[in-house]
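*Asks:* Generate coordinates for the sequence data below:
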Amino acid sequence: MNPADWSWVLGIPVLVPFVAAALTLLLARHHTAQRIVSLIALLIVQMDAVFIGYLSVSGPITLDVGGWSAPVGVTLVADRLSALMLVVSVFVTLCVLVYSFTQDPAEGSRLPVAVFQPTFLILSAGVSNAFLTGDLFNLYVGFEILLVASFVLITLGGSRERIRSGTVYVVVSVVSSAIFLIALAMVYAAVGTVNMAQIALRMNSIDPATAQLIEVMLLVAFGVKAAVFPLSAWLPDSYPTAPAPVTAVFAGLLTKVGVYAIIRTQSTIFADPGLNKALMIVALATMVIGILGAVAQDDIKRLLSFTLVSHIGFMLWGVGIGTIDGLAAAVFYTAHHIIVQTALFLVSGLMERVGGSTSLTKLGSLLKIWPFLAIVYLIPALNLAGVPPMSGFLGKVGMIEASARVGSPLDWTLIAGGLVTSLLTLYALLRAWNMAFWQPSTEPVSERPAVPWTMTFATVLLVAASVLLAVLAGPIYRYGYGAATELREQEPYISAVLPEAERGTGQSDDQNGHDSESGATPTLPTPSSPGAPGGIGSANEGER
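*Replies:* Coordinates of the predicted model:
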């Protein structure tokens, strides 16, 4: 089977949710029909994502949208990194959708169901677009789709607290988008294109100071969206106020889109590792300060929000190491964190449903009320903390080994910081378990209220997936290692997008593929040649 013959499947994860969103709007008065359409749409996207993952094993596959050749048109690209992120993100979205089917009565306020389903599907389309795009401007469009959809979702119910949190979220997101847009203008002014493969070809030909300024601007823009310290203060105040399924999908996906953008640009576009040490310092600060904030919380949603910030630092650590081993660990840990963090937020929704509050000082005796929930909480909690042999432990060990191979003082400092963060994560999550499940309730213990089966089923499915991630860690880690190798080499991605030097394979007639300065058609450099996109750091992976 020739993967190129199946390139059209790359459009399905973006197109199908948009079409389904329009259809669910037409079915606004038929809630059951809305849910069926949403479920079918995401099931189609999930199967398509798995197929894309299978195709990407043979190398990156591309789709020139509308037949316009890159870099004139928009190109969708699926390599191993984007395929893995797509499979995991759609699975998480599907689970949260099922969780939300019977969530409405539990919210205690008016929840506009007719708006929720189409907006949720648009959010899914935006996430898929961000993971698959090979164009920086289209990545910006994906972020804006996420911004519009997430503002609607975070303010569902129209309460004063949610409107305030949504306003903070939008203001921060708009500032981040403005920085991104300025960086895009700088990229286009410097290299004459926004296609990531072509940017990679031309980045080495511009002034190094200009290239580094562009890199810093992009890192700041993506750092805000990923909630990297010190750009993370907005997150713990915004996420906990939203309905449980909204908080879960935000925690699992939205920050990871920012992390994905950092991994993609730092690997595909910028080969110079000059900012890797700065990334590692930021990673250390994010890990330690985030988890210190979590330890101080007495609300389960705020505690999980701070752990979310903290563990973004682990992913940055893997990127900052600057080797294939470090990048592979970061890719694996990102996939692990999407599943585990979402599962924990869904569990917190069940705790709120049963105990009537998310405050740990008000909860208590949940172990007597529902022993099964105590187990469902404990599994992802231990996984996030990195208790062996779970996937969190395997991802952290991968980063520790990668840093130890390099062996600089900063690497050993990060290893120490990672161990301390893991221990404090274990302490914070077990303390929350003790307060909510073991500690006697201040009020008489009542019978467990009815919990819709869809909420329990979706949560258990995600928890089971987190365990399966450890069972299948070998093949998944190898897949992530292949993704890291492709990213570091750069040439497979560039060749897939621009097989004819600086021209894609579309049908546009006015694209001459000439270099912006000399007018000559450049040849595709290889990673081993001087000045090649992947030349710096390729000979010796240990050097940064």
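*Asks:* what residue ranges in the chain score low on pLDDT?
*Replies:* 1, 103-113, 157-159, 442-446, 500-544 (pLDDT under 70).
*Asks:* Tell me which stretches of it form strands.
*Replies:* In the chain, the strands defined using DSSP state E lie at 61-64, 75-78.
*Asks:* most packed of these?
*Replies:* For the strands of the chain, average neighbour numbers computed from mean count of other CB atoms under 10 Å are highest in strand 75-78, which has a mean of 28. (C-beta placed from N, C-alpha, C; glycine too.)
*Asks:* what does it rub up against?
*Replies:* Residues outside strand 75-78 that contact it (CB atoms under 8 Å, 6 or more residues apart in numbering) are 10-11, 14, 52, 55-56, 60-65, 86, 132-135, 195, 197, 493, 496-497, 504.
*Asks:* How about stretch 52-66?
*Replies:* Applying CB under 8 Å, 6+ apart, the contact partners of stretch 52-66 are 3-4, 6-11, 13, 70, 73-80, 82-84, 86-87, 134, 479, 482, 486, 492-493, 496-497, 504-506.
*Asks:* If any of those residues are buried, put those into a PyMOL selection.
*Replies:* Provided next is the PyMOL selection string for whichever of the contacts of stretch 52-66 are buried by 16 or more other CB atoms under 10 Å:
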select buried, resi 3+7+9+10+13+70+73+74+75+76+77+78+79+80+82+83+84+86+87+134+479+482+486+492+493+496+497+504+505+506
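*Asks:* measure Val168 to Leu235 for me?
*Replies:* Taking CB to CB, to the nearest Å as the measure, Val168 falls 10 Å from Leu235.
*Asks:* which one of these two has more residues nearby?
*Replies:* Shown here are Val168 and Leu235; by other CB atoms under 10 Å, Leu235 has more neighbours (25 against 16).
*Asks:* Contact partners for the residue nearest to His336 when sequence neighbours are not counted?
*Replies:* Nearest in space to His336, with sequence neighbours left out and distances taken as CB to CB, 6 or more residues apart in numbering, is Ser391 at 4.4 Å. Residues counted as contacts of Ser391 (CB under 8 Å, 6+ apart) are Phe332, His336, Val340, Asn383, Ser466, Leu469, Ala470, Ala473.
*Asks:* Excluding chain neighbours, what is closest to the spatially most central residue of the chain?
*Replies:* Residue closest to the average C-alpha location in the chain (CA atoms, centre = their mean): Lys256, at 1.9 Å. The shortest distance from Lys256 to any non-neighbouring residue, by CB to CB, 6+ apart, is to Ile338 (5.5 Å).
*Asks:* What count of nearby residues applies to that neighbour?
*Replies:* Ile338 has 23 neighbours, counted by other CB under 10 Å.
*Asks:* what about Ile400, neighbour count?
*Replies:* The number of residues near Ile400, taken as other CB under 10 Å, comes to 18.
*Asks:* should've said Ile262
*Replies:* Around Ile262 there are 24 residues (other CB under 10 Å).
*Asks:* What of Pro409?
*Replies:* Neighbour tally, Pro409, other CB under 10 Å: 7.
*Asks:* Val65 now?
*Replies:* For Val65, the neighbour count with other CB under 10 Å is 17.
*Asks:* list the contacts for Ile269?
*Replies:* Counting by CB under 8 Å, 6+ apart, Ile269 touches Met196, Ile199, Ala200, Met203.
*Asks:* out of the residues you listed, which one sits closest to Ile262?
*Replies:* Minimum distance to Ile262 across the contacts of Ile269 is 13.4 Å, recorded for Met196 (CB to CB).
*Asks:* Could you verify my assumption that that closest one touches Phe137?
*Replies:* No: with contact defined as CB atoms under 8 Å, Met196 does not count as touching Phe137 (10.2 Å).
*Asks:* Tell me which of the two has more neighbours.
*Replies:* Using other CB under 10 Å, the more surrounded residue of Met196 and Phe137 is Met196, with 26 against 17.
*Asks:* now Ile12: how far from Gln46?
*Replies:* Distance, Ile12 to Gln46, using CB to CB: 10 Å.
*Asks:* and what of Pro452?
*Replies:* Computed as CB to CB, the Pro452 to Gln46 distance reads 22 Å.
*Asks:* cool, and Arg80?
*Replies:* Per CB to CB, Arg80 is found 18 Å from Gln46.
*Asks:* Just the buried ones from the contacts of Ile269, in PyMOL syntax?
*Replies:* Buried members of these can be picked out in PyMOL with the line below, counting by 16+ other CB under 10 Å:
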select buried, resi 196+199+200+203
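*Asks:* Any chance of a markdown table for the contacts of Ile269, columns distance to Leu42?
*Replies:* Converted to a markdown table, the contacts of Ile269 look like this (distance: CB to CB, whole Å):
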| residue | distance to Leu42 |
| --- | --- |
| Met196 | 27 |
| Ile199 | 33 |
| Ala200 | 33 |
| Met203 | 37 |
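*Asks:* so which of the contacts of Ile269 comes closest to Pro440?
*Replies:* Nearest to Pro440 out of these is Met196 (CB to CB; 56.5 Å).
*Asks:* Pull the contacting residues for that closest one.
*Replies:* Listed by CB under 8 Å, 6+ apart, the contact partners of Met196 are Gly134, Asp135, Leu136, Arg264, Thr265, Thr268, Ile269, Tyr493, Val497.
*Asks:* before we move on, what about Ser466?
*Replies:* Per CB under 8 Å, 6+ apart, neighbours of Ser466: His336, Ile339, Val340, Ala343, Ile379, Pro380, Asn383, Met390, Ser391.
*Asks:* Helices along the stretch 51-200 of the chain, start to end?
*Replies:* 80-100, 113-132, 136-154, 160-191, 196-202 (DSSP state H, counting those that start in this stretch).
*Asks:* For the second one, list every residue counted as buried.
*Replies:* In other words, helix 113-132. 113, 116-132.
*Asks:* With the longest one instead?
*Replies:* Residues of helix 160-191 classed as buried by neighbour count (16+ other CB under 10 Å): 162, 165-166, 168-170, 172-173, 176-177, 179-180, 183-184, 186-187, 190-191.
*Asks:* by contact count, what packs against that helix?
*Replies:* helix 136-154, helix 196-202, helix 208-226, helix 235-238 (3 or more CB pairs under 8 Å, 6 or more residues apart in numbering; DSSP states H and E).
*Asks:* right, so of these, which gets closest to Val460?
*Replies:* helix 136-154 (23.7 Å).
*Asks:* what's the angle from that closest one to helix 160-191?
*Replies:* Between helix 136-154 and helix 160-191, the angle comes out at 180 degrees (axes from the mean of the first three to the mean of the last three CA atoms, to 10 degrees).
*Asks:* What residues of helix 136-154 count as buried?
*Replies:* So helix 136-154, judged by 16+ other CB under 10 Å, has buried residues 136-147, 149-154.
*Asks:* Please apply the same query to stretch 36-45.
*Replies:* The neighbour-count check on stretch 36-45 (16+ other CB under 10 Å) flags Val37, Ser38, Leu39, Ala41, Leu42, Ile44, Val45 as buried.
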